[in-house]
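Student: What shape does this take:
(chains A and B)
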Amino acid sequence: MIAYIVRRLLYALPILIGVNLITFVLFFVVNSPDDMARMQLGAKRVTPEAIEKWKAERGYDRPLVWNAEAPGLAKATDTILFDKSVRMFAFDFGRADDGRDIALEIRSRMGPSLAIALPTFLLGLFVTVSFALLLVFFRHTALDVGGVVLCVVAMSISGLFYIIGGQYLVSKVWNLVPISGYAPGLDAARFLILPVLISVIGGIGSSARWYRTLFLEEINKDYVRTARAKGLSELRVLFRHVLKNAMIPILTGVVVVIPMLFMGSLLLESFFGIPGLGSYTIDAINAQDFAVVRSMVFIGSVLYIVGLLLTDISYTLVDPRVRLN
Amino acid sequence: MADLFGVKPVFLWSDILLWSLLAGCVLLAFYCRRHDYLRRAWRRVGESSAAMASATLLTAFIAVGLLDSLHYQPRLPAKEGSTEVQYAPEVLSALDALLADLRLKKEKTYSAPLATHAFAKETVERDGVQTRDFPRLQHAGRHLEDLAQHRDDLIARAAAGAFRGALLWAAFTGIVVGLIALSHRTRYADTCRAVWRPALSASRPVAWRAVLLTAAVLCVAGGVMAGWADGYHVFGTDKVGQDVLYLSLKSVRTALLIGTLTTLVTLPLSIALGLIAGFRGGWWDDAIQYLYTVLNSIPGVLLIAAMVLMMQVVIDTHPEWFETAAERADARLLALCFILGLTSWTGLCRLLRAETLKLRELDYVQAARAFGVADTRIMARHLLPNLMHIVLIALVMDFSGLVLSEAVLSYIGIGVDSTQNSFGTMINAARLELSREPVVWWSLAAAFVLMLALVLAANLFADAVRDAFDPRFQWRARRMPRRAAA
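Tutor: Sure, this is the predicted structure:
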């Protein structure tokens, strides 16, 4: 097991290098730092001196991959590639355009992001699986058909409408919770209830329908018939047998997401004014702060790879037939 | 450029691509007619009422989108003593010409649907005294002499519109039934009965009744709206006084483009790479797998954001590439499709690779290899046709997701150009209106209804296509992580 995990982590290295190369090419080769400087400074203030100053402030005034003028080892290290991309492997992201340390910022914003993403994830999983089981329990009845229709309609509505509509109804018309904002500690619950509920409801449609088909695929298998023949109640069959066996495909989609919870949700956080990583990313995109976007891309892919690894490990937990080697 | 009917046709790149895509679909339809197994699969789609109803609705949307894809520049009135022909800088489309009424009737600012008075009070002079009151709208309800008639006028217009819509529907029905009768070589009256009461006929027939019913709803609703649109703003006006009905109809084209053109990028990439990886194996397989694992491991939204930011820089630093604002917005739209395609080909590629791995071991492929048929030929003749159903299903299933993601991306600020009409820009502009007092709800409601209709129809149609072409479920497995990431 340990050997497997270590090997998988080593496999991750070339992938991270690839991610880094893609972002490097995107941010520094497709557009030269000069272009970015011109764009950031705006049309009026573009002078060669201003561009040079902008680049020097951010360390973009060096050669891209090879610094022929530097002495010794610095030929390779005193470059944009090394300074901006290689350093990311040590989680050293440098500074954002407003001068703040990105790594520090990320650490302080992870909390609020998790505070909203974790309850959403757990509650969402619980609600969708229960809803899907309910539909399966009443399969081939009007309730099932109605539920599926509801799911298809729900997944055809843009997530934006759930947020806008929910905010309007709950916060404005019914005045139940504050429209947006955030407070540290337990006080945050007040602000978090609505976004969590909205994203759970918004996610029901597609996931419940998908889980339902998974359950329905299992329910016609021989072992389920045997269980029924033994005289087990339908509920017991569903929970003890069908749910357990449908876990593998469910886990494939679910466990990958767990590490990504740290990244937060772009839409929810920006609508509800929660100072997490999602709103950080959106702000960076709107301010065209490339350093932050680059860092988030890197962190995102690290978390994704961790998620894949967790998925594999979770298989061994729910399915004893799976051996990692 | 030729000067037809006093206008200069403008060919935007997205227009050309959209029309050639349509041509491709027509060719594909002929191809399907010639092949029995494809024809039977499509027939199974046709037997589903939900699929046929959504197909009708989608056709209406596509018609709007295609009308909006015939662009031109109108000629300006000639100057005194000058023979030089001048064209307006703004690029219009055939839809703009049809809806010229809606486009040009601008108010000052917000007005509610079907209202006669503006939404906000203004200082107006009445009988020499200045008062704060709701002013009359400039283009809505001007024909009313007495405001008490407003209600009656609406009803009368709705009835007249519905009648005209019903006439249109009757004509449509007559033509459709006539065509069916012609192709089946049956009598007209018999066809009518068979279409209306399909249970009477022997085999499971194509669900024409669903088509006709959907068409009836569309025609009558369209008729009523057309009746109202003549004298009022059916969906109200937005902040700068533009007619919301016009804006939402213009948004349809963007949604269709994003949903379809993206696949033009996705398909070649995922088909070629999936086939090569699965068939060649070895070094090729490793390289292609590495490529899509890397791309997959970057969260979709962030990769799109990074690429769009870079594209913005390129477009902003090269203003000389674009003659008109429309061309610029168009380039941005195409670039967005390209980017969405680049970030979304991996799922299909993985499916195709897995399927190719299976097919490669089958006897007929092995036989072809033993005969020394070239690899490219085996891929094209023996593997590709057997993968087409996967490609087709992926194509229709991705459409609705892409339409939805356009709205989200435009909200985040990495979607289409802000001057381009789209559902995303509409929602983005209207998202703060619900916090106004009183509430301005109509822009959001219009975007909501049209988007829901489009996406729901696409989803239902895609489900039917999936069930007809492949009853197994591997498709949603591929879709799930994408949705979760957004």
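
Student: can we go C-alpha only for contacts and neighbour counts from here?
Tutor: Will do.

Student: Contact partners for B:Asn428?
Tutor: B:Asn428 makes contact with B:410-411, according to C-alpha atoms under 8 Å, 6 or more residues apart in numbering or on different chains.

Student: middle-most residue in chain A, spatially?
Tutor: Nearest to the mean C-alpha position of chain A, counting by C-alpha atoms, centre = their mean, stands A:Met260 at 3.7 Å.

Student: Now the element after whichever strand or helix holds that one, going C-ward?
Tutor: Counting by DSSP states H and E, the element that carries A:Met260 is helix A:257-260. Downstream of helix A:257-260, the next assigned helix or strand under DSSP H and E is helix A:266-272.

Student: quick one: is the helix or strand following that following helix near chain B?
Tutor: Sequence-wise, the next helix or strand downstream of helix A:266-272 (DSSP H and E) is helix A:277-286. Yes. Under the criterion of C-alpha under 8 Å from any C-alpha of the partner chain, chain B is reached by helix A:277-286 at A:282, A:285-286.

Student: hey, where'd the strands end up in the chain?
Tutor: No chain specified, so I'll use chain A. All residues of chain A lie outside strands when identified by DSSP state E.

Student: Wait, chain B was what I had in mind.
Tutor: Taking DSSP E as the test, the strands found in chain B are B:7-10, B:71-74, B:92-93, B:122-126, B:129-133.

Student: can you tell which of those strands is closest to B:Met225?
Tutor: strand B:92-93 (21.1 Å; C-alpha to C-alpha).

Student: Neighbouring strands of the closest one in the sheet, and parallel or not?
Tutor: With DSSP bridges as the test, strand B:92-93 is paired with strand B:71-74 (antiparallel).

Student: Residues touching the strand it pairs with, excluding its own?
Tutor: B:6-12, B:87-94.

Student: With only the CA atoms kept, save it in CSV.
Tutor: The C-alpha coordinates for strand B:71-74 follow below in CSV (Å, rounded to 0.1, in the frame of the first residue of the first chain):
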residue,chain,number,x,y,z
HIS,B,71,-25.2,39.5,-41.7
TYR,B,72,-25.0,42.6,-43.7
GLN,B,73,-24.2,46.3,-43.6
PRO,B,74,-27.0,48.6,-44.7
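
Student: Show me what counts as buried in it.
Tutor: For strand B:71-74, burial by neighbour count (16 or more other C-alpha atoms under 10 Å in any protein chain shown) applies to B:71-74.

Student: so how far is that strand from its chain's centroid?
Tutor: 22 Å (C-alpha atoms, centre = their mean, to the nearest Å).

Student: ok, B:Leu395 - contacts?
Tutor: Each residue near B:Leu395 by C-alpha under 8 Å, 6+ apart is listed here: B:Thr263.

Student: Tell me how many other residues surround the closest residue to B:Gly259 other than its chain neighbours.
Tutor: Once flanking residues are discounted, B:Gly259 sits nearest to B:Phe399: 4.6 Å by C-alpha to C-alpha, 6 or more residues apart in numbering or on different chains. Other residues lying near B:Phe399 total 24 when counted by other C-alpha atoms under 10 Å in any protein chain shown.

Student: Check the one 3 residues further on too.
Tutor: By other C-alpha under 10 Å, the residues close to B:Leu402 number 24.

Student: distance of it from chain A?
Tutor: The gap separating B:Leu402 from chain A is 11 Å, by C-alpha to the nearest C-alpha, to the nearest Å.

Student: go on, B:Tyr292?
Tutor: Separation of B:Tyr292 from chain A (C-alpha to the nearest C-alpha): 10 Å.

Student: Would you point out which residue is most central in chain B?
Tutor: Short answer for chain B (C-alpha atoms, centre = their mean): B:Leu256, at 2.4 Å.

Student: and that residue, what does it touch?
Tutor: B:62, B:65, B:403.

Student: For it, give me the pLDDT.
Tutor: Note for B:Leu256: predicted pLDDT of 93.

Student: now do B:Arg483
Tutor: Predicted confidence (pLDDT) for B:Arg483: 39.

Student: how about the residue in the stretch 51-200 of chain A that chain B sits nearest to, what does it touch?
Tutor: At 5.2 Å from chain B, A:Ser156 is the closest residue in the stretch 51-200 of chain A, using C-alpha to the nearest C-alpha. Contacts for A:Ser156 (C-alpha under 8 Å, 6+ apart) come out as B:400, B:452, B:455-456, B:459.

Student: Apply 7 Å and report the result again.
Tutor: B:452, B:455-456 (C-alpha atoms under 7 Å, 6 or more residues apart in numbering or on different chains).

Student: Run a quick neighbour tally on the residue in the stretch 101-250 of chain B that chain A sits nearest to.
Tutor: Closest contact between the stretch 101-250 of chain B and chain A, by C-alpha to the nearest C-alpha, is at B:Ser248 (15.4 Å). The local packing of B:Ser248 (other C-alpha under 10 Å) involves 22 other residues.

Student: same check, this time on A:Arg107
Tutor: A:Arg107 has 11 nearby residues by other C-alpha under 10 Å.

Student: What of A:Asp101?
Tutor: By other C-alpha under 10 Å, neighbour count at A:Asp101 equals 15.

Student: do the same with B:Arg34
Tutor: So B:Arg34, with other C-alpha under 10 Å, has 11 neighbours.

Student: For it, give its distance to B:Ile271.
Tutor: According to C-alpha to C-alpha, to the nearest Å, B:Arg34 and B:Ile271 sit 23 Å apart.

Student: Just give me the neighbour total for the closest residue to B:Lys250 other than its chain neighbours.
Tutor: Excluding its sequence neighbours, the residue lying closest to B:Lys250 (C-alpha to C-alpha, 6+ apart) is B:Asn421, at 6.0 Å. Applying other C-alpha under 10 Å, we find 21 residues neighbouring B:Asn421.

Student: Ok, A:Ala37 next?
Tutor: Neighbour tally, A:Ala37, other C-alpha under 10 Å: 19.

Student: which residues does it contact?
Tutor: The contact partners of A:Ala37, by C-alpha under 7 Å, 6+ apart, come to A:51, A:54-55.

Student: I'm done for today, thanks for sticking with me.
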